[in-house]
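>>> Give the three-dimensional model of this entry:
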Amino acid sequence: MQSAVYPGSFDPITNGHLDIIQRASRVFDNVVVGVLHNPNKKPYFDIEERVEIIRKVVEPYGNVEVTSFEGLLVDFMRTKPDHVLVKGLRAFSDFEYEFQMAMMNRKLDESIETLFMMTGNRYSFVSSTLVKEIFLLDGNIEELVPPLVYESLKNKKERSLI
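Numbers count the residues shown, from 1 in each chain. Alright, predicted model coming up:
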């Protein structure tokens with residue numbers, strides 16, 4: 001069985017991320033969405049919230065699982081049966097950064113392969129950072145995130161105003 005890991009912070013998961021997950025789930029027998037817990041960052045959703053939201057969003061894909069991790073990605077990869085990373089690319093600037101990361105991961109563990117997938121054109125400009133910024137400034141992001149994510153963002157914002 002060939003499986004792959006799609007890592008990221010997913011704060012929040014966007015339709016661009018979902019595009020990559022859906023397509024990777026057609027290529028691989030199993031896709032693990034690895035949600036990074038970075039203690040040096042202050043995410044909008046905590047790690048448990050992100051994992052739960054993503055699990056619900058990817059429910060239609062029977063071969064996708066969601067788990068969290070912290071620390072080096074190569075250490076997380078060593079806990080998985082196959083050593084294939086899936087990375088989504090939106091623009092050439094993403095490639096430069098992701099290429100550097102792929103080479104570093106390969107230096108740390110030669111068994112890790114990285115597969116780059118281009119995000120669909122309609123999501124090539126979408127990033128979690130932009131989505132959060134637009135949302136917090138009361139802009140419309142409904143076409144950029146799954147409905148559950150939009151509702152979760154609204155509920156979290158309402159709770160923080162109380």
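
>>> alpha carbons only for contacts and neighbour counts from here, please
Noted.

>>> Name whatever forms a beta bridge with Glu65.
Beta-bridge partners for Glu65, by DSSP bridges, are Val32.

>>> thought it was touching Asp29?
No - under the criterion of Cα atoms under 8 Å, Glu65 is not in contact with Asp29, lying 11.3 Å apart.

>>> quick one, which of the two is more surrounded?
Glu65 (17 against 14; other Cα atoms under 10 Å).

>>> Just checking, which helix or strand succeeds the helix ranked longest in the chain along the chain?
Ordering each helix of the chain by length in residues (DSSP state H) puts helix 92-108 first. Downstream of helix 92-108, the first helix or strand assigned by DSSP states H and E is strand 113-118.

>>> What is that following strand packed up against?
strand 84-89, helix 92-108 (3 or more Cα pairs under 8 Å, 6 or more residues apart in numbering; DSSP states H and E).

>>> just so I know, which of those lies nearest Met117?
In terms of Cα to Cα, the element of the helices and strands packed on strand 113-118 nearest to Met117 is strand 84-89, at 4.9 Å.

>>> Show residues contacting that closest one.
Strand 84-89 has contacts (Cα atoms under 8 Å, 6 or more residues apart in numbering) with 3-7, 17, 20, 24, 95, 98, 112-119.

>>> centre of the chain versus it, how much separation?
Centroid separation for strand 84-89 versus its chain: 10 Å, with Cα atoms, centre = their mean, to the nearest Å.

>>> before we move on, back to that, most neighbours per residue, which of the helices and strands packed on strand 113-118?
strand 84-89 (a mean of 22; mean count of other Cα atoms under 10 Å).

>>> So in terms of bridging, what pairs with Val86?
Leu115.

>>> no, scratch that, I was asking about Pro7
With DSSP bridges as the rule, Pro7 is bridged to Gly34.
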